[in-house]
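model the structure of this input:
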Amino acid sequence: MIYNNILELIGKTPLIKLNNIIKNFPGKYYAKYEAFNPGHSNKDRIALFIVNEAEKQGLLKKGSTVIETTSGNTGFSLAMVSLVKGYKCILAVSSKSSKDKIDMLKSMGAKVYVCPSNVESTDPRSYYQVAKNINKKITNSFYVNQYFNDLNTKAHFLSTGPEIWNQTSGKITHLIGCSGTGGTLSGAGQFLKNKNPNIRIIGVDSYGSVLKKFHETRKLDKKEIYPNRIEGLGKNLIPSATDFSIIDKFIKVTDESSAYTAKNITKHEGMFVGYTSGAAMQATIQLKDSGEFNEKSEIVIIFPDHGSKYMSKIYNECWMKKEGFINYNQQTIHQIEYI
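Purely as a prediction, here's the structure:
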């Protein structure tokens, strides 16, 4: 089959049975492997959908500039879509994004501004405010604003949710995914809940993020906020793209455990996954330990992106050691031998 362009490959990603990392776990476990998207992440879905909708509404036209706030994956997807469709792309990126992601954005033709991650969202240096200010200054520009754009959620309601339902023949009992903007979990979760309200939608949050406590109390507690290392997971604000009524519960994971679990997925399943995939799998392990699953459970875990985006972070021995991850020496590392 011949495709007209790379964008036609977005979506319809495989559901892969996990076999080794979940040995002796009750139930069946499947990974929704979003690295099969051409931009190597689930953010391809929202990038294409939002740009297409903006074109329909006349918000994007010849010579337009696409502007966005991103941890890296949405930015790469938007840069790819913009390049194919002939738009310019400017991205405000969090400083905790890996060097690999930033280099990839530049390679795809985007103009990149790296902004400090350890400032409040209202700070003029934050990537939220930088993107907004660039949007105001540039005429004929379109600010995607994924954190507060309902189309983020709708993209997953129309694609990710139906795919998972069909791939599991409607037998899914749990959907587990990381929450940043919350669009993936909210959109796919809403579709699945419409099909079967008993399906459990479980969000993964990071320490240093406000999402879990907000879900439980409906109050924003700024005392919860401190810097974390996992890009694309957790938030220091409440995104309107997250439908908290769809999510049954949140569970928090640490930076360290998520890093090692990502590496274990690669080691035991042969899937080269990113940091948030490790976080989602680590949450699944913790949920198993708490008795969430039984033998009849059919669990789908969203693996959002590819490990190649983290070669300078979790797959880099020096970075792991620098971050003080105490299990560093427990990993089997084969040294390179030069002949």
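
show me where the stretch 201-339 of the chain has helices.
211-217, 255-269, 275-289, 317-322 (DSSP state H, counting those that start in this stretch).

of all the ones you listed, which one comes closest to residue 115?
helix 275-289 (19.3 Å; CB to CB). Heads up, the C-betas are built off the backbone N, CA and C, glycines and all.

on that earlier part again, okay, the helices of the stretch 201-339 of the chain in JSON lines with mean pLDDT and mean neighbour count next?
Below are the helices of the stretch 201-339 of the chain laid out as JSON lines (pLDDT from 0 to 100; neighbours: other CB atoms under 10 Å):
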{"stretch": "helix 211-217", "mean pLDDT": "97", "mean neighbour count": "18"}
{"stretch": "helix 255-269", "mean pLDDT": "96", "mean neighbour count": "21"}
{"stretch": "helix 275-289", "mean pLDDT": "98", "mean neighbour count": "24"}
{"stretch": "helix 317-322", "mean pLDDT": "92", "mean neighbour count": "13"}
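
between those, which gets nearest to residue 246?
helix 211-217 (10.6 Å).

which other helices and strands contact the closest one?
Contacts defined by 3 or more CB pairs under 8 Å, 6 or more residues apart in numbering; DSSP states H and E place helix 211-217 against strand 200-206, strand 249-253.

could you dump those strands to a markdown table with mean neighbour count and distance to residue 121?
A markdown table is the format used below for those (neighbours: other CB atoms under 10 Å; distance: least, CB to CB, whole Å):
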| stretch | mean neighbour count | distance to residue 121 |
| --- | --- | --- |
| strand 200-206 | 25 | 16 |
| strand 249-253 | 20 | 20 |
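
could I get these as JSON lines with mean pLDDT?
As requested, these are arranged in JSON lines below (pLDDT from 0 to 100):
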{"stretch": "strand 200-206", "mean pLDDT": "98"}
{"stretch": "strand 249-253", "mean pLDDT": "98"}
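
distance to residue 59 added to those strands, as TSV?
TSV is the format used below for those (distance: least, CB to CB, whole Å):
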stretch	distance to residue 59
strand 200-206	30
strand 249-253	33
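
so for residue 167, which of those strands sits nearest?
strand 200-206 (16.7 Å).
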